[in-house]
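*Asks:* Need a 3D model of the following:
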Amino acid sequence: MSGAAGEPRIDHDLVWVIEDSAEDAEAIQRALSRTHPHLTLEFTDRGTGVVERLTETARRPGLVLLDLSMPGLSGSAVLRAIRSRPELDEVAVVVFTSSTEPTEVDATYAAGADSYIYKPVNFDLFRTVLKGAVDYWQRKAKDGGDGPAGQPPS
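*Replies:* Residues are numbered from 1 along each chain as shown. Have a look, this model is predicted:
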């Protein structure tokens, strides 16, 4: 966790999930409760107000799981809004979506996503992929931002 007294801090055991599908939100909850029972998950089904909440809260999530296809404010717009705020640079944003459209993947990375992960339909694979993503970002935060498992990038 970071931040001086009174300043917002990053909590790497807090994950915000922005997902409009109740079924996908339930699958994320089930998967992470099995693989990462220590995590605190906060869910919202819309992008509206997310950036404001992130900037106003004293306890910021270490990870945001963001769906792209949402009614109203899209996941892409939320991502751009998060990345436009320098005070949110330490928050990792992982796009977790059902789209595999190459142009969408490229645009998402160009907008500042830390990762782009396709949601598998099979629950066991869904859980495995989600576990790998959360493990990676938690390890990266713990190891000070170096490459996987704290190894410098080659």
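*Asks:* drop to CA atoms for contacts and neighbour counts, all remaining ones
*Replies:* Noted.
*Asks:* which stretches of the chain form strands?
*Replies:* Secondary structure of the chain (DSSP state E): strands at 9-18, 40-44, 59-66, 92-97, 115-118.
*Asks:* Make JSON lines out of those strands and add distance to residue 107 and mean pLDDT.
*Replies:* Output for these, formatted as JSON lines (distance: least, Cα to Cα, whole Å; pLDDT from 0 to 100):
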{"stretch": "strand 9-18", "distance to residue 107": "19", "mean pLDDT": "95"}
{"stretch": "strand 40-44", "distance to residue 107": "23", "mean pLDDT": "97"}
{"stretch": "strand 59-66", "distance to residue 107": "14", "mean pLDDT": "96"}
{"stretch": "strand 92-97", "distance to residue 107": "12", "mean pLDDT": "95"}
{"stretch": "strand 115-118", "distance to residue 107": "11", "mean pLDDT": "94"}
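*Asks:* Of all those strands, which one is nearest residue 30?
*Replies:* Closest to residue 30 of those is strand 40-44 (Cα to Cα; 11.0 Å).
*Asks:* any idea how far that closest one is from the chain center?
*Replies:* Relative to its chain's centre, strand 40-44 lies at 11 Å (Cα atoms, centre = their mean, to the nearest Å).
*Asks:* What are the buried residues along stretch 16-34?
*Replies:* Of all the residues in stretch 16-34, those buried under the rule 16 or more other Cα atoms under 10 Å are 16, 17, 18, 19, 20, 24, 25, 28, 29, 31, 32.
*Asks:* Out of those residues, flag the one nearest to residue 89.
*Replies:* residue 16 (15.3 Å).
*Asks:* Might one say that residue 76 is in contact with residue 68?
*Replies:* Yes: using Cα atoms under 8 Å, residue 76 is in contact with residue 68, at 5.8 Å.
*Asks:* Redo the buried residues of stretch 16-34 as CSV? Include distance to residue 125.
*Replies:* Listed next are those as CSV, based on distance: Cα to Cα, whole Å:
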residue, distance to residue 125
16, 21
17, 19
18, 20
19, 19
20, 21
24, 14
25, 16
28, 12
29, 15
31, 10
32, 13
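*Asks:* which one among those residues gets closest to residue 111?
*Replies:* For the buried residues of stretch 16-34, the nearest to residue 111 is residue 18 (17.0 Å; Cα to Cα).
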